[in-house]
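Asks: show me the folded form of this:
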Amino acid sequence: MSFLTLFIKPLAYISFPVIILRTIASTSPVGRYYAQLTIYLGTLAVVSTWGVFVAVGMTLMGRRHDVNYVVARSFYAVASRVLDIQIEVEGEEHLQTCPVVMVGNHQSMLDILYLGRMFPRKASIMAKKELQWSPLGPWMFMSGAVFVDRGDSAKAHGSLAAAGDEMKTKGISLMMYPEGTRHCEEIPSLLPFKKGAFHLAVQAGIPVTPVVCENYWRIYRKGVFGSGTIRVRVLPPISTAGLSVSDVPELTTLVRDQMLATLREISVKVTSEEDMKPAEQPGMQADSTPVEEPDPIPATPVQVASDEVPDVPSDEDGSETPSVDTSLSRSLRQEGSASEYGTETDDEGMVVVGRQHHY
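Replies: I've put the predicted structure just below:
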């Protein structure tokens, strides 16, 4: 009897708050958002704490660089079930190439869930130096995380060079976010890329593997936390053999263009006002042909200012007209970044853990 009690009591303690949160989630969309958010962060905290013990054990076994794989899969196994969010990964065979620099689009803290599903063996993350002293610091250190001093470009460059050497020597892959910060909008788009990840790949002579997660605005954003399926596509590795530092801008542009095209392809289609045909715009009727009525009384023509909405020009070849956001993104990309190594911003293409911004 006492043996069963050892299992029943912990389950009762765990299930009670879950039942409470489920009840709150059923009351309203706002209640669901905060209930789901609490479950997500709670699961992340529990698995991260457990990850410290996993890291100690696997480090002693000489498998330090598989810690992230084990902890990531554990987090996904739990979180995907309690949140009712599934991740579908396409092109997973491309993750077998090692070592590589994996680059992904960064939308929100929910990215940790898709990382949990696709993070490969013998892979680590790059994080800002300040996280060494956070509660996650010990686990990140034992899992082989590469810490970068963002405030000093010279030190950041040195850290990247050291990381490249270690990646080649030990066959370790590294995950980075070249956008440099979170970016999620209703219409799929990417921010201009920082060049740090590409400098690292070129200097180390290792491939770049793009990882694209679909735009999940419909599932998660500020005030909304739903359920469903999120698609992730891993693109074939791009070789950097024979490239030099002067080729980094072109490589950056090539990877970004591939990722943006993939992002738009796998994301749920969103119709913007700019993409609407004239007949679909408010205040305009489809198939409305003006009917000429005879004027019974001749009169002198008078020019009157028209209030009609002019027709929106359309492309006969079906090509997509660039939106304002796309044009702005292109102009920013052409301007480049202030630092050669792209370390001028707070988040230089790094996997950031534990931030609680929701959009």
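Asks: can you count the residues close to the residue nearest to residue 220 when sequence neighbours are not counted?
Replies: The shortest distance from residue 220 to any non-neighbouring residue, by Cβ to Cβ, 6 or more residues apart in numbering, is to residue 110 (4.9 Å). For glycine as for every other residue, the C-beta is placed from the backbone atoms N, C-alpha and C. Number of residues near residue 110 (other Cβ atoms under 10 Å) recorded here: 22.
Asks: for the stretch 51-200 of the chain, what spans make up the strands?
Replies: With DSSP state E, counting those that start in this stretch as the criterion, the stretch 51-200 of the chain has strands at 85-90, 101-104, 123-128, 146-148, 173-176.
Asks: got any ranges where the stretch 151-300 of the chain has weak pLDDT?
Replies: Along the stretch 151-300 of the chain, segments meeting pLDDT under 70 span 151-152, 270-300.
Asks: residue boundaries of the helices in this structure?
Replies: Per DSSP state H, the chain carries helices over the ranges 2-25, 29-60, 67-83, 111-118, 137-142, 153-170, 196-204, 248-266, 324-335.
Asks: just those: most buried one?
Replies: Neighbour counts (mean count of other Cβ atoms under 10 Å) averaged over each of those peak at helix 196-204, with a mean of 26.
Asks: who touches that helix?
Replies: Contacts with helix 196-204, where a contact means Cβ atoms under 8 Å, 6 or more residues apart in numbering, come from 99-101, 103, 156, 160-161, 163-165, 167-168, 174, 176, 178, 207-208, 240, 243-245, 247-248, 251-252, 255, 340-343, 348-349.
Asks: before we move on, the earlier item: right, and the residue nearest to residue 220 touches residue 222 too?
Replies: No: taking Cβ atoms under 8 Å as the definition, residue 110 is not a contact partner of residue 222, at 11.9 Å.
Asks: what is the neighbour count of residue 86?
Replies: Neighbour count of residue 86, defined by other Cβ under 10 Å: 15.
Asks: whoops, residue 224 was the one
Replies: 16.
Asks: how close does it sit to residue 260?
Replies: Distance, residue 224 to residue 260, by Cβ to Cβ, to the nearest Å: 24 Å.
Asks: one step back: contacting residues for the residue nearest to residue 220?
Replies: So residue 110 contacts 40, 216, 219, 220 (Cβ under 8 Å, 6+ apart).
Asks: of those residues, which is the most crowded?
Replies: In terms of neighbours by other Cβ under 10 Å, the contacts of residue 110 top out with residue 220 at 27 neighbours.
Asks: tell me which residues form a beta bridge with it?
Replies: residue 225 (DSSP bridges).
Asks: what's the spacing between residue 113 and residue 62?
Replies: 29 Å.
Asks: typo on my end, it should be residue 34
Replies: For residue 34, the distance to residue 62 equals 43 Å [Cβ to Cβ].
Asks: ok, residue 239 next?
Replies: 31 Å.
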